[in-house]
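[1] Okay, here's the prediction I keep looking at, along with the sequence it came from:
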Amino acid sequence: MSLKIFNYFNLYPSCIVVKGYNKSVLMDLDENDFSFLPNLIADFITEFKASSISKIKERYSNDLQNEVADLVSKFLKAGYGILSVKKESFLPITQNYFIPYHFTSLIVQLPVFYNINETANIFQNLVVENLIVEVNNYNTEVLNDIKYLSRLVRHNTLKIVSSTNIDQENSIRINDSVLRTAEIYHVLDGSTQNTKHENLELIYLNSFKIKSTSDFYSNIRLYTESLKYNSNFYKKICILNTGIIKNGFTSHHSFGYINKLEKKSFLKLVSSSKFRELEMVSKDRLDICKHCEFRYMCVDSRVPIKRNSHEWYFETECNYNPYIAKWQHEVGYKTLSECGIQSNKNGFKLNRKKLNTINKEL
Ligand code: SF4
């Protein structure tokens with residue numbers, strides 16, 4: 001195969017390069033995988049879209065020309081693209097994102113301290129992707145409430161999440177009562193210890209903090225969602241056992257009581273801009289995350305705080321510092337302030353000189 005004829009490298013549309021402050025990643029949306037790239041290489045890839053391989057090589061010194069050639073063979077071997085006679089052989093993937101549900105997750109805490117029958121008109125015909133029931137103890141009343149909700153709400157999956165271990169007997173009773181296989185999860189706050197029950201898995205519903213790259217997902221759905229929305233809050237609703245409505249499990253804001261609303265006012269509330277405000281805070285609008293190469297594969301449950309009409313920040317730091325590309329548990333890790341970065345209600349400041357010195361030493 002001659003590079004003279006096939007002079008363009010075309011990345012497959014499902015392979016997306018995302019540049020961070022210090023490093024880049026190449027997301028393979030088909031394979032749920034990603035690989036790291038130096039930012040310089042990410043720039044080459046961007047150039048591949050606009051220029052032929054020989055034109056790119058002409059722009060660089062001998063060393064970098066070899067780097068370009070190596071990169072092309074490496075990417076061909078990894079299956080990230082093809083050599084082509086054309087500048088563009090593929091149509092780009094659509095960046096439209098549409099979810100045909102009222103909510104992707106409706107989380108209801110049980111047992112309730114209100115009369116759940118009063119909510120029938122609201123739950124009836126609600127269409128959700130995941131109906132998640134958070135249960136703290138099991139009795140006949142709770143099992144009846146699970147049954148009641150699962151019949152009223154139109155849902156794809158029913159997930160029962162519990163902070164107490166659900167034994168085999170209760171697991172069978174739940175599945176019998178809802179007449180289908182419920183997915184049952186056991187939540188252990190902050191603990192990674194496993195459960196002996198084979199039906200139970202560990203999930204974290206409360207304040208989950210990203211800990212390592214194994215918490216990321218590289219797929220088309222999360223990618224397109226993250227381009228526009230905050231993946232942790234998009235189309236989520238949580239009803240506490242007091243009846244309080246929240247726009248996400250970790251959200252601090254209360255939107256009134258579900259048992260005091262009619263269906264019409266409920267639908268008006270959940271489509272209001274105030275209720276949906278956090279949904280719209282994509283990672284590109286958030287301090288720190290906007291400079292992180294993982295921003296389109298990361299679901300982070302921290303609640304964004306509004307600084308002004310277009311700027312948002314977090315009160316707590318992520319375990320990953322994208323300015324030095326280090327996790328908290330790694331040698332050489334430094335906090336944001338140690339790196340000369342400020343992100344709080346007063347603003348965002350980045351000390352580039354200090355960061356350059358730190359990165360040279362790492
Ligand atoms: S900085 Fe933001 S995008 Fe990066 S890993 Fe942390 S939460 Fe995710």
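    Yes, it's here.

[2] List the buried residues of stretch 309-318.
    Going by neighbour count (16 or more other CB atoms under 10 Å), the buried part of stretch 309-318 is 312-314, 317-318. To be clear about C-beta, it is placed using only N, CA and C from the backbone, and glycine gets the same treatment.

[3] what's the span of that stretch, first residue to last?
    Its start and end residues considered, stretch 309-318 measures 23 Å (CA to CA, to the nearest Å).

[4] just stretch 111-125 next, same as before
    The straight-line separation of the ends of stretch 111-125 (CA to CA) is 22 Å.

[5] Which residues does that stretch contact?
    Applying CB atoms under 8 Å, 6 or more residues apart in numbering, the set of residues contacting stretch 111-125 from outside is 135-137, 139, 141-142, 145, 148-149, 152-154, 241-243, 257-259, 261-263, 266.

[6] Now with 6 Å, please.
    142, 145, 152-153, 241-243, 258-259, 263, 266 (CB atoms under 6 Å, 6 or more residues apart in numbering).

[7] and the stretch 201-350 of the chain, which residues reach the ligand?
    Counting by CB under 6 Å from any ligand atom, the residues of the stretch 201-350 of the chain close to the ligand are 210, 283, 288-289, 292, 294-295, 298, 300, 318, 320, 322.

[8] For Ser171, give me the pLDDT.
    On pLDDT, Ser171 comes in at 66.

[9] Could you do Ile45 as well?
    Ile45 is assigned a predicted lDDT (pLDDT) of 85.

[10] and it, how many neighbours?
    Ile45 has 20 neighbours, counted by other CB atoms under 10 Å.

[11] and it, which of the three is it?
    Secondary structure, DSSP: H, G, I helix; E, B strand; the rest coil: Ile45 is helix.

[12] wait, isn't Tyr21 in contact with Pro322?
    Yes. When contacts are counted by CB atoms under 6 Å, Tyr21 is listed as touching Pro322 (5.3 Å).

[13] re the thing from before, looking at the contacts of stretch 111-125, which two lie furthest apart in space?
    Comparing all pairs in the contacts of stretch 111-125 by CB to CB, the longest separation belongs to Val142 and Lys263, at 24.6 Å.

[14] Between those two, which has more neighbouring residues?
    The neighbour comparison of Val142 against Lys263 (other CB under 10 Å) goes to Val142, with 20 against 15.

[15] you'd agree that one is up against Val108?
    No. In this structure Val142 lies outside contact range of Val108 using CB under 6 Å: 11.2 Å.

[16] would you turn the buried residues of stretch 309-318 into JSON lines with pLDDT?
    Shown next, in JSON lines, are the buried residues of stretch 309-318 (pLDDT from 0 to 100):
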{"residue": "Trp312", "pLDDT": "98"}
{"residue": "Tyr313", "pLDDT": "98"}
{"residue": "Phe314", "pLDDT": "96"}
{"residue": "Glu317", "pLDDT": "96"}
{"residue": "Cys318", "pLDDT": "96"}
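
[17] Out of the residues you listed, which is nearest to Ile82?
    Cys318 (36.4 Å).

[18] What helix or strand is the closest one located in?
    Under the criterion DSSP states H and E, no helix or strand holds Cys318.

[19] Any chance of the contacts of stretch 111-125 in JSON lines with distance to Leu131 and secondary structure as columns?
    JSON lines is the format used below for the contacts of stretch 111-125 (distance: CB to CB, whole Å; DSSP: H, G, I helix; E, B strand; the rest coil):
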{"residue": "Val142", "distance to Leu131": "15", "secondary structure": "helix"}
{"residue": "Asp145", "distance to Leu131": "12", "secondary structure": "helix"}
{"residue": "Leu152", "distance to Leu131": "10", "secondary structure": "helix"}
{"residue": "Val153", "distance to Leu131": "5", "secondary structure": "coil"}
{"residue": "Asn241", "distance to Leu131": "16", "secondary structure": "coil"}
{"residue": "Thr242", "distance to Leu131": "19", "secondary structure": "coil"}
{"residue": "Gly243", "distance to Leu131": "17", "secondary structure": "coil"}
{"residue": "Ile258", "distance to Leu131": "15", "secondary structure": "helix"}
{"residue": "Asn259", "distance to Leu131": "18", "secondary structure": "helix"}
{"residue": "Lys263", "distance to Leu131": "17", "secondary structure": "helix"}
{"residue": "Phe266", "distance to Leu131": "16", "secondary structure": "helix"}
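
[20] which non-adjacent residue is nearest the residue nearest the centre of the chain?
    Central residue of the chain (CA atoms, centre = their mean): Val299, 2.4 Å from the mean position. Closest residue to Val299 apart from its sequence neighbours, by CB to CB, 6 or more residues apart in numbering: Ser231 at 4.8 Å.

[21] my read: the one you found touches Thr224, true?
    No. Applying CB under 6 Å as the test, Ser231 and Thr224 come out as separate, 10.2 Å apart.

[22] Those two - which one has more neighbours?
    Neighbours were tallied for Ser231 and for Thr224 using other CB under 10 Å; the higher tally belongs to Ser231 (22 against 18).

[23] Quick check: pLDDT value at the more buried one.
    92.

[24] Does it lie in a helix or a strand, and which?
    Applying DSSP H and E, one finds Ser231 in no helix or strand.

[25] and the gap between it and the ligand?
    Using CB to the nearest ligand atom, to the nearest Å, we find Ser231 at a distance of 10 Å from the ligand.

[26] Backbone dihedrals for that residue, both of them.
    Ser231 adopts backbone torsions of phi -70, psi -20, taken as degrees, to the nearest 10.
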